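> Okay, predicted coordinates and the sequence, questions at the end:
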Amino acid sequence: MESFNPYLDTVIALRKELHQHPEVSGKEVATAKRIVSFLKQFPPDEMITAIGGTGIVAVYNGEKSGKTVLFRCELDALPIDEVNDFEYRSVHKGVSHKCGHDGHMAILCGLAIKFHLKRPDTGTVVLLFQPAEEDGSGAQKILSDSKFKNVKPDYVFALHNLPGYSKNLIVVKNNTFSCAVSSIIIKLKGITAHAGEPEKGINPALAIAAILSAFNNYIQPDITQKKYRIITPVYIQMGEKAYGVSAGAGEIHFTVRSDSSAAMKETTRYVEETAAKIADSYQLEIAMKWIQTFEANENEISAVDLVRKAAHANDFELLEKATPFSWGEDFGLFTQKYKGAMFGIGIGKEMPALHNPDYDFEDEILQTGISIFHHISKQITDANEFNYRT
């Protein structure tokens, strides 16, 4: 592993502080302020704030021109009540860092320290603190912001911590790393009637049942096989608690996921066409809306090779994952636009799963993440290791 960072205790303290004060997607105002205040202690050559909302970009320029590499982390937490009782537990009821974004931010802050102390020899390193990953809107907000237009990275990288995998294990995969995911709201409108005379109205119940059945018959839930796709019902509402009234409207929400962006287009087309056909057959009006869309993370092979080399150089065990992760991650929008890769770092086989109320990030992997990112940058920008002991 690269030489130990004597500032690691500072990075761990920051991680716990961020954990204690979480904010949900799009509301990361105090979180962003804390990151800016930390970065000011280790000033970059340029800092852009309020990008894509609450996002932050820190730029470290080399002495000579060269390639630009971007490393990205996430600012947001989740609307989940924390059950942990340690000293740095969330102070905000119903909000907590249950995906480890506090740890991801701390890793980039540790990387900022390294580049403050020793700039890359050539090229540019960009650290992106992105808002609103959890609702799928943050990456698009960053990429659409005019403040981002001059960044122009040659490579983009991100990591995710992985409960259920050995601590410090580096998990890589060519091509699709995480699935394309999107959610749909389907609203059906019929006509209410007396519950004793339902034939005088149009009740959406049978249409809802038919949609559920059709989607369930279409799924292919084995991710090891081709055309993996899952359509998961997450919410259903119909009518009112009025027992003399036959319902005249209903609503169903689904989360849809596929193992590539191309397969996702096929699946979403099926969902829309099937729901519309069933609604029409029952004489129902239908309205559909897609929300929280995540493009698949399509890793570029040469970028994954840089991660592999960084893992080997630091003597970390490497796992070549055979199948994509089934969860979505909006970094996929970056890997659609730029050459890059997302990879994983194990935090322990017995650790609570992501989004579980008792989850917590493992501080032991902070140095691992910093080392991997820094070694990737060394391969692209000739960044040199700073000797802290001189």
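That came in fine, so what should we check first? Numbering: from 1, shown residues only.

> can you give me the helices for the stretch 151-300 of the chain?
Remark: helices of the stretch 151-300 of the chain, listed N- to C-terminal, are 205-218, 261-281; assignment by DSSP state H, counting those that start in this stretch.

> Not counting the shortest one itself, show me its contacts.
Pointing back at helix 205-218 there. Surrounding helix 205-218, the residues in contact under the criterion C-beta atoms under 8 Å, 6 or more residues apart in numbering are 186, 188, 229, 231, 233, 236, 238, 247, 250, 252, 254, 270-271, 274-275, 278-279, 281-282, 284. All C-beta atoms are positioned from the backbone trio N, CA, C, and that covers glycine.

> Same check on stretch 47-59?
In contact with stretch 47-59 (C-beta under 8 Å, 6+ apart) are residues 26-29, 31-32, 35-36, 39, 44-46, 75, 112, 124-132, 138, 141-145, 147-148, 151.

> Among these, which are located in strands?
Using DSSP state E, the subset of the contacts of stretch 47-59 located in strands is Glu46, Thr124, Val125, Val126, Leu127, Leu128, Phe129, Gln130.

> filter those residues to the buried ones?
In terms of neighbour count (16 or more other C-beta atoms under 10 Å), the buried residues within the ones in strands among the contacts of stretch 47-59 are Thr124, Val125, Val126, Leu127, Leu128, Phe129, Gln130.

> Low-confidence regions, the stretch 51-200 of the chain specifically.
Nowhere does the stretch 51-200 of the chain drop to pLDDT under 70.

> so where do the strands sit in it?
With DSSP state E, counting those that start in this stretch as the definition, the stretch 51-200 of the chain shows strands at residue ranges 55-61, 64-74, 122-130, 155-163, 170-172, 175-178, 180-189, 193-194.

> Which of the residues in the longest one are classified as buried?
Taking 16+ other C-beta under 10 Å as the basis for neighbour counts, the residues of strand 64-74 that come out buried are Gly66, Lys67, Thr68, Val69, Leu70, Phe71, Arg72, Cys73, Glu74.

> For those residues, could you give me JSON lines that also reports distance to Gly346?
Below are those laid out as JSON lines (distance: C-beta to C-beta, whole Å):
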{"residue": "Gly66", "distance to Gly346": "32"}
{"residue": "Lys67", "distance to Gly346": "29"}
{"residue": "Thr68", "distance to Gly346": "29"}
{"residue": "Val69", "distance to Gly346": "24"}
{"residue": "Leu70", "distance to Gly346": "24"}
{"residue": "Phe71", "distance to Gly346": "19"}
{"residue": "Arg72", "distance to Gly346": "20"}
{"residue": "Cys73", "distance to Gly346": "18"}
{"residue": "Glu74", "distance to Gly346": "19"}
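
> of those residues, closest to Asp9?
The shortest gap between Asp9 and any of the buried residues of strand 64-74 belongs to Cys73, at 19.7 Å (C-beta to C-beta).

> Is the closest one in contact with Ile107, as I believe?
Yes - counting by C-beta atoms under 8 Å, Cys73 touches Ile107, with 6.7 Å between them.

> what's the neighbour count on the residue nearest to Gly239 when sequence neighbours are not counted?
Computed as C-beta to C-beta, 6 or more residues apart in numbering, the closest residue to Gly239 that is not its neighbour in sequence is Ala247, at 2.7 Å. Counted with other C-beta atoms under 10 Å, residues neighbouring Ala247 total 23.

> Could you shift the numbering so residue one becomes 19, and keep it that way?
Sounds good: first residue 19 from here, last item Ala265.

> Ala265 and Lys205, how far apart?
When distances are taken as C-beta to C-beta, to the nearest Å, Ala265 and Lys205 turn out to be 13 Å apart.

> Then Lys85?
Computed as C-beta to C-beta, the Lys85 to Lys205 distance reads 48 Å.

> again with Glu92
Between Glu92 and Lys205 the computed distance is 31 Å (C-beta to C-beta).

> same check, this time on Glu81
When distance is defined by C-beta to C-beta, Glu81 is 59 Å away from Lys205.
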